[in-house]
Structure formats: C-alpha cells, structure tokens
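Chemist: A predicted structure for the sequence below; I have some questions about it.
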Amino acid sequence: MGSYSACDISNEVRAEAAGLGFRVKSGWATAVLLRGPIDSPVLRDGRVIQLSDPQFPETRQPYHAATGQLETDAKTTNLRTDIVQRVTKQSIAKLLADYQRKGYAIASASLVVGSRIDPATVANPHIRAHALEGQLFRLTLEQALNTHGIRTAVLVDRDAYDEVAERLKKPCANVRLAIQNLARSGDGPWRAEQKLAALGAWLGLAASLR
C-alpha cells in the first residue's frame, strides 16, 4: 500500500496527533497511520517497512541455519542481528521523518505480533529459532520507536481485537467493522496485516488523544 496524498499537509499547519500501528513479521512490518477522531479514525497511510536487509536474505530469519534448524554459531547470529538493528533504526527514522514533514505528531504506537513466548521455554530447536526471531524483531522495533520518544504497546494477534475493543469500550463487532471500512479510503491492499496494523494504530491514537 502506498502513501496517501491526503498526508500532504503544509508545514505551517500545527502538527496533528496521529496513531501508528505495526503488524510485525520476520524481517518486515506493515505500518499504518490513523488520525482522529477516536470514535471514527481516518486512514492516512499504509506501507511496508524493512526490518532486515534484502541484500542479505539470511537476516530475515537470523536464527535459522541453512538446514532450517537453529543457528548455534554466535558470531553468525550476532552479525545478522546487528544488521537487523541497523536497518530497523533506518526504516523508523525515515518513516517518522516523512510523517513529521506531512504534519503528524506521533506519541504512541502499537505493535501486533504473532506471539510473545519466551524462547528459553521452547524445547524444539526449530520452533525456538522462530521464537527468537519474533522476540528480536519486536524488541528492535520497540527500541527504535522509543529512541524517538514514542511510547509502545504490544498486542498478540489472536487477542488483538478483543483487547482493543475493551480498551476503547466498544463492542468487538463494531471495532471489526470500523477496521474493515477503513479500506474505502485507501488505494492499496487491505489484508490481515493491514487490518491488524490499523487496529494497533487505533490504540495508539487513543493513547495519544486521551
């Protein structure tokens, strides 16, 4: 999904509060920006950002070995995670600079993830590699946002709608319908990743305006 022309706001206009949400995947994330009002948020941007380096495909799954199992060489994983941290910082800096130019002020963001399981509790090496990667991309993205003074919250995808509905004090069915209807103001795909990122952005918007 590309940027929306409605984002183009004169620098002379006072910055407008907005909420930012991410659906975090392994090596990339879908980002969505919403502005108020809280009860009927408006879609202002949706795009994919890199959390890994396409020139080094192994950074998309830095804890996987060539065989698909857990990579046990610390030097190898450290090199890959260093790249992940660098790329994530660059992606967030570029994203936030773009939003600032367009007149948006972001104080809070939410990250929707697949799981928050502790990798140390996972016995199967291959599944532990996935858990380590989930933890890495979540924490690295949180740290990059926090560096810019943005508060972060984390939602697990299977509970995200119920949790946001509870925090917004709205029926879950109404929240789902509102998220679905946001697609009308966009010109790109509106699949599960965009919907969950928008859900996180709605929560971020509420945190910024209340």
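Modeler: Ah, there it is.
Chemist: Bridging across strands, which residues link to the most centrally placed residue in the chain?
Modeler: Per CA atoms, centre = their mean, the C-alpha nearest to the average position across the chain is that of residue 22, at 1.8 Å. Judged by DSSP bridges, the bridge partners of residue 22 are residue 31, residue 111.
Chemist: check contacts around it.
Modeler: Taking CB atoms under 8 Å, 6 or more residues apart in numbering as the contact definition, residue 22 lies against 29, 30, 31, 32, 109, 110, 111, 112, 141, 197, 200. From N, CA and C alone the C-beta is placed, and that goes for glycine too.
Chemist: Pretty sure the second one sits against residue 197.
Modeler: If I follow you right, that is residue 30. Yes: with contact defined as CB atoms under 8 Å, residue 30 and residue 197 form a contacting pair (4.6 Å).
Chemist: what about this structure, any weak spots by pLDDT?
Modeler: For the chain, the stretches with pLDDT under 70 are 1-13.
Chemist: Which residue ranges of it form helices?
Modeler: Here the chain has its helices, by DSSP state H, at 74-101, 125-147, 160-168, 172-181, 192-209.
Chemist: Can you tell me which of the ones you listed is most buried?
Modeler: Highest mean neighbour count among these (mean count of other CB atoms under 10 Å): helix 192-209, with a mean of 24.
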